[in-house]
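Visitor: Need a 3D model of the sequence below.
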Amino acid sequence: MPLSATVVGAMLGLSVQLHSNALQKLPLMRHPWEHVLALGLGAVFGNQLVKWEAKVEEDLDKLLPKAKEANERRYIGYRVIDSEATPKIEELRVIEKKLRI
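Guide: Model (predicted):
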């Protein structure tokens, strides 16, 4: 994975430099040292992106259980309507309709 990230990042850096020269209507390989610099910066960017993504995933795995626990504490009185409670709700609706009439 790090090798592919390095290669993809390097190609991204090179393509940015080539597009920059093309937009300015300059020769594509005007200053070769700029292309080498762009390759290096792109490779570093690709590797850092992979590291950052792994860290974000790790942090998310730590935070999700905490968020779930906080939600459960917040809704302590909340209860899912089960099949036994459904007839009672229907009876209440019927009584409510009778009272409106």
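Visitor: how about the CA coordinates for stretch 48-65, as CSV?
Guide: The C-alpha coordinates for stretch 48-65 follow below in CSV (Å, rounded to 0.1, in the frame of the first residue of the first chain):
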residue,chain,number,x,y,z
GLN,A,48,0.8,11.4,4.5
LEU,A,49,-2.7,10.9,3.2
VAL,A,50,-2.5,7.1,3.8
LYS,A,51,-1.2,7.7,7.4
TRP,A,52,-3.9,10.3,8.0
GLU,A,53,-6.6,8.0,6.8
ALA,A,54,-5.4,5.2,9.1
LYS,A,55,-5.4,7.6,12.1
VAL,A,56,-8.9,8.9,11.3
GLU,A,57,-10.2,5.3,11.1
GLU,A,58,-8.6,4.5,14.4
ASP,A,59,-10.0,7.6,16.1
LEU,A,60,-13.4,6.8,14.7
ASP,A,61,-13.3,3.3,16.1
LYS,A,62,-12.5,4.8,19.5
LEU,A,63,-15.3,7.5,19.4
LEU,A,64,-18.2,5.4,18.1
PRO,A,65,-18.6,3.3,21.3
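Visitor: Got the confidence number for Tyr78?
Guide: Among the per-residue scores, Tyr78 holds a pLDDT of 54.
Visitor: packing partners for the helix or strand hosting Leu60?
Guide: Element membership for Leu60, per DSSP states H and E: helix 32-74. Secondary-structure packing of helix 32-74 (3 or more CB pairs under 8 Å, 6 or more residues apart in numbering; DSSP states H and E): helix 2-23. Yep, even glycine has a C-beta here, placed from its N, CA and C like the rest.
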